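Engineer: Return a 3D structure for these sequence lines:
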Amino acid sequence: MQSAFLGYVESVIASLNFRETEFDEFIELVSFYVINRLRHYREEPVADVTPQWLKNTVEAMHDKLKFGEGALEKHGSLIRKNAGIFNPGDPALLW
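Structural biologist: Model prediction:
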């Protein structure tokens, strides 16, 4: 934060001559500026913590050929195919 802003905060807090609503207005003003600073002027970029395997899985779930009509049947066919238990005439094996 800029030293001018911090100096302003110190000077307002140090002076005890507040009217009834003046201190509340000051607190609202300081809160607004601090929150604004945190929201709009981040000094460090936010790191993406989503694992790559999860991104790939979600992206693959949008494949309409795999997850459209008859998705449950296709999923079952894939499981059987991967387990070595499959029917050669199964249409799900063709895609």
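Engineer: how much space between residue 12 and residue 36?
Structural biologist: Residue 12 sits 18 Å away from residue 36 when distances are taken as Cβ to Cβ, to the nearest Å. C-betas here are computed from N, CA, C, even on glycine.
Engineer: The two: which has the busier surroundings?
Structural biologist: residue 12 (15 against 10; other Cβ atoms under 10 Å).
Engineer: Tell me how many other residues surround the residue nearest to the more buried one when sequence neighbours are not counted.
Structural biologist: What sits nearest to residue 12 in space, not counting adjacent residues and going by Cβ to Cβ, 6 or more residues apart in numbering, is residue 26, at 5.4 Å. Residues lying near residue 26 (other Cβ under 10 Å) number 15.
Engineer: do the one 3 residues further on as well
Structural biologist: Burial of residue 29, expressed as a neighbour count using other Cβ under 10 Å, amounts to 13.
Engineer: Ok, residue 60 next?
Structural biologist: If you count neighbours by other Cβ under 10 Å, residue 60 ends up with 10.
Engineer: on that earlier part again, my guess is the residue nearest to residue 12 contacts residue 10, does it?
Structural biologist: No: here residue 26 lies out of contact with residue 10, judged by Cβ atoms under 8 Å, at a distance of 11.9 Å.
Engineer: ok, then the element right after the helix or strand of the chain with the lowest mean pLDDT?
Structural biologist: Each helix and strand of the chain was given a mean pLDDT (mean pLDDT, DSSP states H and E); the minimum falls on helix 64-67 at a mean of 66. Counting by DSSP states H and E, the next helix or strand C-terminal to helix 64-67 is helix 71-83.
Engineer: average pLDDT for that next one?
Structural biologist: pLDDT averaged over helix 71-83 equals 71, rounded to a whole number.
Engineer: then that helix to PDB, C-alphas only?
Structural biologist: Taking C-alpha atoms only, helix 71-83 is exported to PDB below (Å, rounded to 0.1, in the frame of the first residue of the first chain):
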ATOM      1  CA  ALA A  71     -23.800 -43.300 -22.800                       C
ATOM      2  CA  LEU A  72     -24.300 -45.900 -20.100                       C
ATOM      3  CA  GLU A  73     -24.300 -48.700 -22.700                       C
ATOM      4  CA  LYS A  74     -21.200 -47.300 -24.400                       C
ATOM      5  CA  HIS A  75     -19.500 -47.000 -21.000                       C
ATOM      6  CA  GLY A  76     -20.300 -50.600 -20.200                       C
ATOM      7  CA  SER A  77     -18.900 -51.700 -23.600                       C
ATOM      8  CA  LEU A  78     -15.700 -49.800 -22.900                       C
ATOM      9  CA  ILE A  79     -15.300 -51.500 -19.500                       C
ATOM     10  CA  ARG A  80     -15.900 -54.900 -21.100                       C
ATOM     11  CA  LYS A  81     -13.500 -54.100 -23.900                       C
ATOM     12  CA  ASN A  82     -10.800 -53.000 -21.500                       C
ATOM     13  CA  ALA A  83     -11.300 -56.100 -19.400                       C
END
